[in-house]
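> Whatever this is, show me its structure:
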Amino acid sequence: MDRILASPDFETSERNRRFLRHVVEEALAGRAERIKAYSIATLVFGRSEDFDPMQDSIVRIEAGRLRRALDNYHLKHGEGSDVIITMPKGSYVPVFQQQAQALPPAPEPVAPGQKPLHEYGPRILVEPFEQEGDSETHQQIGRTLTRQVISALTRFTELFVYGFDTSDRSARSGSGRETSEGLEIDYRLSGTVTISKHALIAEILMKRNEDGRFIWVQTLQREIEGSCDPSQVVSLCAEVAGQVASVLALRDGIMDSQARDSSGSGPRHFAGYQKLLDFHDYWRSLDPKRFEPLRRDLEATIDADPGFVAAHACLSMLYSNAARFSYDLGDDCPDPLERALDLARKAIRLAPSSSRAYHARAIAEWFMGRQVDSLQTLGAARALNPNDPELMAELGFRLASRKNWDAGIPLLEEAYARSTLLSGQFRMGLFLYHFAHGRHEQALEEIRAVEAPGIAHVQLAAAAALAALGRLAEARQRLALADQIAPGLAKRMPQDVAFRQFHPDLTESMMRALASLDPKWPNQTNSTQTG
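Got it, this is the predicted structure:
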C-alpha cells in the first residue's frame, strides 16, 4: 500500500489516497465488517453523521475511480509487485492477492494422515500468453492476460495453479510431466492475444501434460469501445480470463469431465477431487437416496484428510440440507445446523480464500434465521469468486424468497444464462416470482425445471401452480406425492415455511392454493412468522 501511495503512477485524488489507506488498514486490522459506505463517507470524506448512501452516491463514485486507478497502477507495475490490491465491484473491502510469479516455496510440514494441498485436485500451469500483431501501444497485454487468467483460476480453490517463472523453468526442463524443480503438472494452458483498434482476440489452448493431447481449444473475442486506454485493456483481459475460468472450473466443466474420465486410473490426487463430483451429482438432483451414503463417505474423507477444505464445505452443505429437508440423523448428529456451521467455519480457517467455504457458511446461517449474516457471507463469497454462477444463483434465490425481485431475479436469470448445467434448485426463486405475479403457467415451467422429484416442497409448489391453473386432478396427484415423500408435512407447514425464511406473502398465497385442494392444508401461515 505504501509503495502504491508513493508512486507517481498512482494517478488519483488525495481523498482517494485516504480512501485506499483507510480500507486497507481496516482490513488488515481484522475489521473488514466495518468497511461500509457510511463509515467511509464519515471517516474519510468528512460527511456528517446523517449521511444517507441512498441519497449521496459519493462513496460509490469515488470507489469506481479508485478501482480504475488501482487497475492502471497494476497494469504498469504488475510484474514488479509482490502483492496486488483490488477492490471487487459490489464491495469496498480490499482483496490482497500474491503474485503467482515464483515457484511455490517448499511445502510446510504435513500433519500425520494429512495430504499436502496439491494432492487434492488438478494442477494447471498457465504459460505466458504470446502477443501477436502490433505491440507498440500495449506492450504488456500478454502478461496482463496471463496474470488475469491465473487470478481467475485461483479463485476456484480446488484447482492448483502455477505460472510465470514456473512456466519459464518448466520450458527449460523439457516437455516431460515433471519439471527440473520436481513440480508435477497435469495440464498446460497457453495461447496468444492480439489487439487491434476494434477488438481483443485471445486464442486459448489447453493440453494434458502426460501425453500432450489437446483437450480444449477456443477463440475468445471482446469488442473495444472508443479509444482503448489501459483501464479498458485490463477490463477486457479480466472478461476473457473470467470466461476461461468458467469453462475450465465450473461444475461439469473441463476439469470435472477430465476427473470423471480418469476415475480409477488417473493421478492419485484426483481421488479426492472425485469426491467433489459425487457431491455435485447430489447437489444437482437433491436425491434423498444419495444423501446418507454421501454423508458417510465425506465424513470418512475428512477423517482421513483433515485439511481437505472442499470436502469440509460440501459436508457442511449436506448437514444444512439435513435440516432443510428434516432428515433424521439420529444420535449421530442431534443438531445438523450447528454441525454445518462448524464445518464451514473450519473450512474458512483452512482456506480463507475459498468461496465454497463461505457459500457453505451462508447456507447454514440462512436456515439458522440469520438472514443479514447469510446475505453478507454470500457477498463475501462472490467477491472471492465472481465467476461462479452458482453463488450468483444462490444469492438471487435468497433475495427472491424475500420478495426482493429487483435484486434477485436479474441474478437468477444471468446465472442460468451463464451456465446451462447449473443446479435447477435455484429456479424455485423464479417460480416464486411468477407465482406471486399471477403467471402460473410460467411458474409451473420453472418448477418442472427444478428436476428434484424426491423433494416434497417441489411437489407442493407444482401442486399450487396446477391448482391456480384449475388443473385440479393433476394438482391432487402432486399433493399426494408430497405427502408420501414427507408424511405429516401439512401439520407442520407454518413452522416449515418460517424456517425457510420465505416472505409471508409468498407462503400465504401458496397455502391458499393448496387449501383449495385438501382442507388439511392450512390456508394461512402462522401470524407470528417473521421469516
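> distance of residue 62 from residue 46?
Computed as CB to CB, to the nearest Å, the residue 62 to residue 46 distance reads 12 Å. All C-beta atoms are positioned from the backbone trio N, CA, C, and that covers glycine.
> meant to ask about residue 82, not that
On the measure of CB to CB, residue 82 and residue 46 end up 33 Å apart.
> do the same with residue 306
Separation of residue 306 from residue 46 (CB to CB): 49 Å.
> Which one's more surrounded, those two?
residue 306 (16 against 10; other CB atoms under 10 Å).
> I'd guess that one is in a helix, am I close?
No: with DSSP: H, G, I helix; E, B strand; the rest coil as the criterion, residue 306 is coil rather than part of a helix.
> quick one, phi/psi of it?
As for residue 306, its main-chain torsions (degrees, to the nearest 10) stand at phi -70, psi -10.
> cool, residue 233 as well?
Phi and psi for residue 233, reported as degrees, to the nearest 10, are phi -60, psi -50.
> Count the residues that sit near it.
Neighbours around residue 233, by other CB under 10 Å: 22.
> and if you look at the one 3 residues further on?
The local packing count at residue 236 equals 26, with neighbours defined by other CB under 10 Å.
> so which strand or helix has it?
helix 230-249 (DSSP states H and E).
> Which stretches in the protein count as strands?
83-86, 95-98, 123-126, 130-132, 160-163, 187-195, 199-208, 214-223 (DSSP state E).
> Look at residue 436 and report its pLDDT.
Per-residue confidence (pLDDT) for residue 436: 95.
> Residue 183 now?
Value listed for residue 183 in the pLDDT field: 62.
> Repeat that for residue 171.
At residue 171, pLDDT is 44.
> residues near residue 94, how many?
Quick note: residue 94 (other CB under 10 Å) scores 22 neighbours.
> can you check residue 330 too?
Around residue 330 there are 7 residues (other CB under 10 Å).
> now swap in the one 4 residues further on and tell me
Residues within reach of residue 334, counting by other CB under 10 Å, total 9.
> same thing with the one 3 residues further on?
The burial metric for residue 337, expressed as a neighbour count using other CB under 10 Å, is 21.
> Name the nearest residue to it, ignoring sequence neighbours.
Spatial nearest neighbour of residue 337, excluding adjacent residues (CB to CB, 6 or more residues apart in numbering): residue 323 at 4.8 Å.
> Residue 335 versus the one you found, what's the distance?
From residue 323 to residue 335 the distance is 8 Å (CB to CB).
> Who has more neighbours out of the two?
The residue with more neighbours, out of residue 323 and residue 335, is residue 323; 21 against 12, by other CB under 10 Å.
> who touches the more buried one in this structure?
336-337, 340, 367, 499 (CB atoms under 8 Å, 6 or more residues apart in numbering).
> isn't residue 301 right next to residue 276, touching?
No: with contacts counted by CB atoms under 8 Å, residue 301 stays clear of residue 276, the gap being 9.8 Å.
> Compare the two (neighbour count), which wins?
Under the criterion of other CB under 10 Å, the comparison of residue 301 against residue 276 puts residue 276 first, with 24 against 21.
> From residue 462, how far out is the more buried one?
Relative to residue 462, and taking CB to CB, residue 276 is found at 30 Å.
> ditto for residue 432
13 Å.
> For the two, indicate the residue with more neighbours.
Using other CB under 10 Å, the more surrounded residue of residue 432 and residue 462 is residue 432, with 28 against 25.
> Quick check: pLDDT value at that one.
96.
> Run a quick check on it versus residue 402, I expect a contact.
No: under the criterion of CB under 8 Å, residue 432 makes no contact with residue 402, lying 9.8 Å away.
> list residues touching both of those two?
With CB under 8 Å, 6+ apart as the test, residue 432 and residue 402 both reach residue 502.
> average pLDDT across the helix holding residue 236?
Per-residue scores along helix 230-249 average to 82.
> again with stretch 298-318
Here the average pLDDT along stretch 298-318 is 90.
> How far does it stretch from one end to the other?
End-to-end distance of stretch 298-318 (CA to CA, to the nearest Å): 9 Å.
> Please spell out which residues along that stretch are buried.
298-299, 301-302, 305-318 (16 or more other CB atoms under 10 Å).
> In helices, which of those fall?
When the buried residues of stretch 298-318 are checked against helices (DSSP state H), the matches are 298-299, 301-302, 309-318.
> Report the separation between residue 280 and residue 184.
For residue 280, the distance to residue 184 - CB to CB - is 25 Å.
> what do you get for residue 159?
With CB to CB as the criterion, residue 159 and residue 184 are 14 Å apart.
> low-confidence ranges in the protein?
For the chain, applying pLDDT under 70 flags the ranges 75-81, 90, 98-120, 133-139, 164-183, 226-230, 252, 259-272, 522-531.
> again, only using 50
100-118, 166-181, 263-266, 525-531 (pLDDT under 50).
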